[in-house]
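**Q** Show me the folded form of this:
(chains A, B, C and D)
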Protein chains: 2
Amino acid sequence: MITIKDVAKRAGVSASTVSRALSGKVPVDRETRDRVMEAVRALNYRPNVLAKGLKEGRTNTIGLIIPNICNPIFPAVARGVEDVARENGFTVVLCNTDEDMDMERSYVEKLQNRWVDGLIFATAREESEHILKLKQQAFPVVLVARHMGAAVDAVVVDNYSSSVEAVDYLIKTGHKKICIVVGDRDLMLYRERFEGYRHALESAGLPLYHAMVLDVSGRDDNGYDAIKSMLERGIIPDAIFATSDPRAIGAIRAIKDCGLRVPDDISVIGFDDLDISLYIDPPLTTVSQPLYEMGREAARKLINLINGDKDEKPQITIMETRLVKRKSVKQRL
Amino acid sequence: MITIKDVAKRAGVSASTVSRALSGKVPVDRETRDRVMEAVRALNYRPNVLAKGLKEGRTNTIGLIIPNICNPIFPAVARGVEDVARENGFTVVLCNTDEDMDMERSYVEKLQNRWVDGLIFATAREESEHILKLKQQAFPVVLVARHMGAAVDAVVVDNYSSSVEAVDYLIKTGHKKICIVVGDRDLMLYRERFEGYRHALESAGLPLYHAMVLDVSGRDDNGYDAIKSMLERGIIPDAIFATSDPRAIGAIRAIKDCGLRVPDDISVIGFDDLDISLYIDPPLTTVSQPLYEMGREAARKLINLINGDKDEKPQITIMETRLVKRKSVKQRL
DNA sequence: CTGAAAGCGCTTACAG
DNA sequence: CTGAAAGCGCTTACAG
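**A** Numbers count the residues shown, from 1 in each chain, chains lettered A, B, ... in the order given. Alright, predicted model coming up:
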């Protein structure tokens, strides 16, 4: 391996000078610098990042901790994070936890050991004290897609209002028996989406049928079975609010498999606006989350934190959602 | 920050002893070790990975270089890589290049500087000399999903035979006018898939209609426009072989938008078997690639390389594909 | 502007 | 079994 000493020797200067010439932060004689650069090129020298990191106390790396990159909302988030990381000279370490707290803790432990200058979590839960602990130790942390109250920076969406808007739209288009497919209510975000649903129904004076509240959790549960069995029992809503696009897709399939039509018999509205949601049949009406932008914003915040704005108060950034109207909801008279 | 010296002081031993007690590779007096462990716990000491890496000349990190995590074939690959990385004490750095060679080179440059013990590329092209160069420098490299001949280890699929099988199936089910939607032919994999198509047609004595060979490249081009315009010009195949599932989905949408039905008017067969392909309408018949397993296998190979099997000859591992028959292909009399 | 020295936090021969 | 020392490859006060 070529080290700074090899370059120094070839350029006939000291290692210090090579370091200074390369950093550009300190004046170096023009001619000396040229000799150094020449040697760098000739030797194809690349500074050892570990040594640099050890000396400087930072690595220009951030960790991204998500449940599972195969869950289709995360690729866009990850891409957003990586793009601004790269733009700022950072690289990103990817960690899938499957929502397993022990795995997550062991990752954190590992990454915190100077591997990483900061961490973005897409896995926060109310019981994630390890994240709070990180924050207390003044370790840069930001949350994305989920938050933990005012204690730590986060980039999220207003799940409550977005759900109100979605269900309002269903109501305005003439739906009266609205089913909800809710994800894991241990997650605040699904409780918020449920509350939005409840509120919209209540405001419109519409009943909330308990048989139409379908709780669906577990990683790969898109609600297909729950919906199918509801329909088979003769409980037929005129619309379904799915709290994620995969669940909306599951709903559509279940409806079709029961011999009913979307949206003629049952309207379906989703939440996410995944790339594919435009391409399914019918194209999905859904709440669009700016996933890529959320990733970018989270990375921006984290890098600011790393670069020193540590004493600023944590802030929750709320990103705008948008109701995208396509073909899966029908105007009923 | 708590260092090994703090632990040493508290335990009343030298730093060397702490290091040895922690490593477990060298005998340490039982009582001494207990004192050390106690101090480690009391101080919540975590070794600085950079210092360790600098000393040992390895970081237990691998880099994964892919075109774009938002391309739906890559999440599963990435997950496979990360899972075996984790199982072996490695972490993975994720890099999206958008197939941009300059970006890729700059990533490689950066990661090679002792950041990373080895690299997995899902971006290889024939003209990727920088990968060959890495290999020559004995830097551990493995390719996934694409290969570069016998020079470097790779984990791939037999694109040619898989395509022959897919098109044969179309032929056996009575299709005679088979259109192909081909991806970027600068990529060997698409040339291979095209050759498979050509061969299957030829063997069956079926004509290859040039107007039914749709070249479609560019990142987000799923072929929708090309197919739609072909159909509008009155060129109506009885089947479409799409060289990727997103292109199959694009095809289905184009067909429906032209007022035709899948598979009654036109059958569609894909290539990939993405998670969503089961859920679209109709469920897609497609060539299933074991993406997750390919990721795992690539990581396994890379870790072997890192751990010293450097002098073994590079090997191309061919993973099995499987034709998954669903509803998008119709048996024609 | 430049060099010699110290030090970042570890690990590991070398002695004992 | 254990300690003191050297060294991994950098950067940066400290002198000059």
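**Q** tell me the helices in the stretch 51-200 of chain A, going along the chain?
**A** A:74-87, A:101-112, A:129-136, A:159-172, A:188-203 (DSSP state H, counting those that start in this stretch).
**Q** same deal with the stretch 201-333 of chain A?
**A** Remark: helices assigned in the stretch 201-333 of chain A by DSSP H, counting those that start in this stretch are A:224-232, A:245-257, A:291-306.
**Q** Tell me which of these sits most buried.
**A** The highest average neighbour count among those, using mean count of other C-beta atoms under 10 Å in any protein chain shown, belongs to helix A:245-257 at a mean of 25. (Glycine included, C-beta is placed from N, CA and C.)
**Q** could you give the angle of that helix to helix A:224-232?
**A** 40 degrees (axes from the mean of the first three to the mean of the last three C-alpha atoms, to 10 degrees).
**Q** Please list the residues outside helix A:245-257 that contact it.
**A** When contacts are defined by C-beta atoms under 8 Å, 6 or more residues apart in numbering or on different chains, helix A:245-257 is touched by residues A:72, A:181, A:183, A:216, A:222-225, A:227-228, A:231, A:240, A:242, A:261-262, A:265-266, A:268-274, A:276-277, A:280-282, A:284, A:286, A:328, B:276, B:279, B:281.
**Q** which among those residues end up buried?
**A** Among the contacts of helix A:245-257, those classed as buried by 16 or more other C-beta atoms under 10 Å in any protein chain shown are A:72, A:181, A:183, A:216, A:222-224, A:227-228, A:231, A:240, A:242, A:262, A:265-266, A:268-274, A:276-277, A:280-282, A:284, A:286, A:328, B:276, B:279, B:281.
**Q** Endpoint to endpoint, stretch A:87-98 covers what distance?
**A** With C-alpha to C-alpha, to the nearest Å as the measure, stretch A:87-98 spans 29 Å from end to end.
**Q** Give me the distance from that stretch to the chain's centre.
**A** Put simply, stretch A:87-98 sits 12 Å off its chain's centre (C-alpha atoms, centre = their mean, to the nearest Å).
**Q** Could you list the buried residues of that stretch?
**A** Residues of stretch A:87-98 classed as buried: A:N88, A:F90, A:T91, A:V92, A:V93, A:L94, A:C95, A:N96, A:T97 (neighbour count, 16+ other C-beta under 10 Å).
**Q** so the fifth one touches A:V116, yeah?
**A** Yes - look at A:V93 against A:V116 with C-beta atoms under 8 Å: they come within range, at 6.2 Å.
**Q** what residues are shared contacts of those two?
**A** Residues touching both A:V93 and A:V116 by C-beta under 8 Å, 6+ apart: A:T61, A:I62, A:G63.
**Q** what's the distance between the last one and B:R247?
**A** The span separating A:G63 from B:R247 equals 35 Å under the rule C-beta to C-beta, to the nearest Å.
**Q** can you check the second one too?
**A** To B:R247, A:I62 is 35 Å away according to C-beta to C-beta.
**Q** What about the nearest residue to A:S163 once chain neighbours are set aside, how many residues nearby?
**A** Using C-beta to C-beta, 6 or more residues apart in numbering or on different chains and skipping the chain neighbours, the partner closest in space to A:S163 is A:G196 (2.7 Å). Neighbour count for A:G196, taken as other C-beta atoms under 10 Å in any protein chain shown: 24.
**Q** Around DNA strand C, which positions in chain A sit nearby?
**A** Contact residues, chain A versus DNA strand C (C-beta under 7 Å from any atom of the strand): A:12-17, A:20, A:26-29, A:31-33, A:51, A:54-55, A:57.
**Q** Return the subset of these lying in strands.
**A** Using DSSP state E, no member of the residues of chain A next to DNA strand C falls in strands.
**Q** just to revisit the earlier point, which of the shared contacts of A:V93 and A:V116 ranks first by neighbour count?
**A** A:I62 (28 neighbours).
**Q** Would you check that that residue makes contact with A:V92?
**A** Yes - counting by C-beta under 8 Å, A:I62 touches A:V92, with 5.4 Å between them.
**Q** Find the residues that touch each one of those two.
**A** A:V81, A:A85.
**Q** So which residues on the stretch 151-300 of chain A come close to chain B?
**A** A:I249, A:G250, A:I252, A:R253, A:K256, A:D275, A:I276, A:Y279, A:I280, A:D281 (C-beta under 8 Å from any C-beta of the partner chain).
**Q** among those residues, which are in reach of DNA strand D?
**A** Counting by C-beta under 7 Å from any atom of the strand, no member of those reaches DNA strand D.
**Q** just the residues you listed now: which is nearest DNA strand D?
**A** Among these, A:D275 lies closest to DNA strand D (C-beta to the nearest atom of the strand), at 41.4 Å.
**Q** who touches that closest one in this structure?
**A** A:P72, B:C70, B:P72.
**Q** Show the backbone phi and psi for the residue nearest to the first one when sequence neighbours are not counted.
**A** Nearest residue to A:P72 in three dimensions, chain neighbours excluded: A:L274, at 5.1 Å (C-beta to C-beta, 6+ apart). Recorded main-chain torsions at A:L274 are phi -70, psi 160, according to degrees, to the nearest 10.
**Q** any idea how far A:L274 is from A:D184?
**A** Relative to A:D184, and taking C-beta to C-beta, A:L274 is found at 19 Å.
**Q** A:P263 now?
**A** On the measure of C-beta to C-beta, A:P263 and A:D184 end up 27 Å apart.
**Q** Just the local confidence number for A:D215, please.
**A** With respect to pLDDT, A:D215 scores 96.
**Q** Any regions of chain A where pLDDT drops low?
**A** A:114, A:309-311 (pLDDT under 70).
**Q** Outline the domain layout of it.
**A** A:4-47, A:59-157+A:291-319, A:159-289 (automatic domain parsing).
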